[in-house]
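S.K.: Sequence first, predicted model second:
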Amino acid sequence: MSDLFPETTPSLTPQNLPELDEWRNLKIDQQPTWHDHPDFKASINELNSVPPLVFAGEIDRMRKNLAEVAEGRAFFLQGGDCAETFAGATADRISGRIKTLLQMAVVLTYGASMPVVKMGRMAGQFSKPRSSDTETRNGVTLPSFRGEMVNGFDFTEESRVQDPKRMVQGYHTSASTLNLARSFTTGGFADLRLVNQWNKGFTSNPAHARYESLASEIDRALKFMEACGADFDALKTTELYTGHEGLLLDYERALTRIDSRTGRPYDTSGHFIWIGERTRGLDDAHVNFLSKVNNPIGVKLGPTTTVDEALTLIDKLDPEREPGRLTFITRMGASKIRENLPKLVEGVQNEGAKVVWVTDPMHGNTISVPSGYKTRKFDDVVDEVRGFFEVHEALGSFPGGIHVEMTGDDVAECLGGSDPIEEAAFADRYETLCDPRLNHQQSLEIAFLVAEYLSRR
Ligand SMILES: O=C[C@H](O)[C@H](O)COP(=O)(O)O
Ligand SMILES: C=C(OP(=O)(O)O)C(=O)O
Ligand SMILES: [Mn+2]
């Protein structure tokens, strides 16, 4: 808490720093239409006065960690739900997701002999951009579900009404999620000497067996080091950052605070905030607002991104060219990455900028199956990851990270994997409210694949 005392800098309270509100005059996409709602002002006022979810000092530390990634000395792992849910913020669900993410990180750290910067798509991933404003089922048309911070998922008129009080509920759910994440990662649960135990409760299959054997190897190495008298205090805790798409600017703005040390604004809704593929317009509201806060910022880059767009994004979001400030999360699709990514990487290299390059192998590979489910083929996900490593290898740039939609649960949402998920399983185990996620085992498989590529470098 000591890093942030907005009340000690009254001339710089969030309310009177006009540059933080420039976005209000710009084009803005994918927003709720709730500004005249009777509860809108009170909800914003409440969010203006709640404590920050994360602190400026932590955000700075993440930026420093990401600078290491930009220099090729660490790897960046981002993972979590496409859309978090309020009901899903239970101890079991949250710990399952964190365990899976930490297991992936262990595989990567050990396999690649490299520190891993870990970020959960969690404690704030409650709003969604949509392809269509409405959804039609059996002849009934209702507003689309836009994430639980905006409206409900149930297909009824009442549930789909946009309610600004949901932002306040989103804040509180984020706070309790973060509280549990902090106690897991600092309270002994994430002690590296317990890696073996994180696998308990998961059924036996190829990825799990592989994890068991890697965990035993780590265990032996640690026992050896311990016998040599090494001090393991540093292994007791781990750092898990949070991140989400900064889509709802009313929410992001209300949680922005001024850091008393520097007088600079930080968006305290999460450590890492990214701009989605649908809202990255160069002169639009999202780029403008996030250019003003001091957090590390990501931008999703889809297959139509031009070199000029990428360079202008750098100019706007990282004018000082500070490694760690800007992460480009490419989501091209398996069939396009080998053709589209090289020109972007070369363009950025020629400009002399050092961004972090992350692959999101999920969003360019979404398909619908005849039964109506949105899904992704595990093989396409793997192929985009391979393409990402091939392109960076060829150009001598650092493949800095991976961004996946995943869960710790044994869901059936993405097709394939070494214990293959078939379409028939969707009827019972398809649980996502938006995009299909890798289940626990598929997530571990991806981690092993990435570790192999990293260790070859
Ligand atoms: O992550 C999210 C989805 O890709 C995005 O919300 C669009 O989904 P839709 O095409 O189902 O609207
Ligand atoms: C909407 C998302 O991605 P994109 O902006 O890349 O489509 C997402 O990450 O859930
Ligand atoms: Mn998604």
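M.R.: Thanks, I have it. Ligands and ions are numbered 1, 2, ... in the order given.
S.K.: make it CA atoms for all contacts and neighbour counts henceforth
M.R.: Will do.
S.K.: Can you give me the pLDDT of whichever residue of the stretch 301-450 of the chain sits closest to ligand 2?
M.R.: Residue nearest to ligand 2 within the stretch 301-450 of the chain (CA to the nearest ligand atom): residue 363, separated by 5.4 Å. As predicted, residue 363 sits at a pLDDT of 98.
S.K.: and it, how many neighbours?
M.R.: Neighbourhood size, residue 363 [other CA atoms under 10 Å]: 21.
S.K.: Quick check: phi and psi at it.
M.R.: phi -70, psi -20 (degrees, to the nearest 10).
S.K.: who's in contact with the closest residue to it other than its chain neighbours?
M.R.: Closest residue to residue 363 in three dimensions, ignoring its sequence neighbours and counting by CA to CA, 6 or more residues apart in numbering: residue 331, at 5.8 Å. Contact analysis of residue 331 by CA atoms under 8 Å, 6 or more residues apart in numbering lists 300-303, 337, 359-364.
S.K.: In helices only, show me those residues.
M.R.: Counting by DSSP state H, these place residue 337 in helices.
S.K.: Out of the contacts of residue 331, which are close to ligand 1?
M.R.: Counting by CA under 6 Å from any ligand atom, residue 363 from the contacts of residue 331 sit close to ligand 1.
S.K.: quick one, what contacts whatever residue of the chain ends up closest to ligand 3?
M.R.: Per CA to the ion, residue 82 is where the chain lies closest to ligand 3, at 4.2 Å. Residue 82 makes contacts with 121, 125, 405-406, 432-437, as judged by CA under 8 Å, 6+ apart.
S.K.: In TSV: these, plus pLDDT and distance to residue 342.
M.R.: Below are the contacts of residue 82 laid out as TSV (pLDDT from 0 to 100; distance: CA to CA, whole Å):
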residue	pLDDT	distance to residue 342
121	98	27
125	98	30
405	98	24
406	98	27
432	98	33
433	97	34
434	98	30
435	98	27
436	98	28
437	98	27
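S.K.: which parts of this protein sit against ligand 3?
M.R.: Within reach of ligand 3 by CA under 5 Å from the ion, the chain has these residues: 82, 435.
S.K.: Mind telling me which residue is nearest the centre of this structure?
M.R.: residue 121 (3.5 Å; CA atoms, centre = their mean).
S.K.: From residue 312, how far out is that one?
M.R.: To residue 312, residue 121 is 26 Å away according to CA to CA, to the nearest Å.
S.K.: do the same with residue 74
M.R.: Counting by CA to CA, the gap from residue 74 to residue 312 is 26 Å.
S.K.: The two: which has the busier surroundings?
M.R.: Regarding residue 74 and residue 312, a neighbour count based on other CA under 10 Å identifies residue 74 as having more, with 22 against 15.
S.K.: Before we move on, what's the pLDDT of the more buried one?
M.R.: On pLDDT, residue 74 comes in at 97.
S.K.: hang on, it packs against residue 112?
M.R.: No. Counting by CA atoms under 8 Å, residue 74 does not reach residue 112; the two are 9.4 Å apart.
S.K.: Which residues does the lowest-mean-pLDDT helix or strand in the chain contact?
M.R.: Least confident helix or strand of the chain, by mean pLDDT, DSSP states H and E, is helix 206-227 with a mean of 83. Contacts to helix 206-227, defined as CA under 8 Å, 6+ apart, come from residues 107, 110, 193, 195-196, 199, 202, 232, 418-419, 441-442, 444-445.
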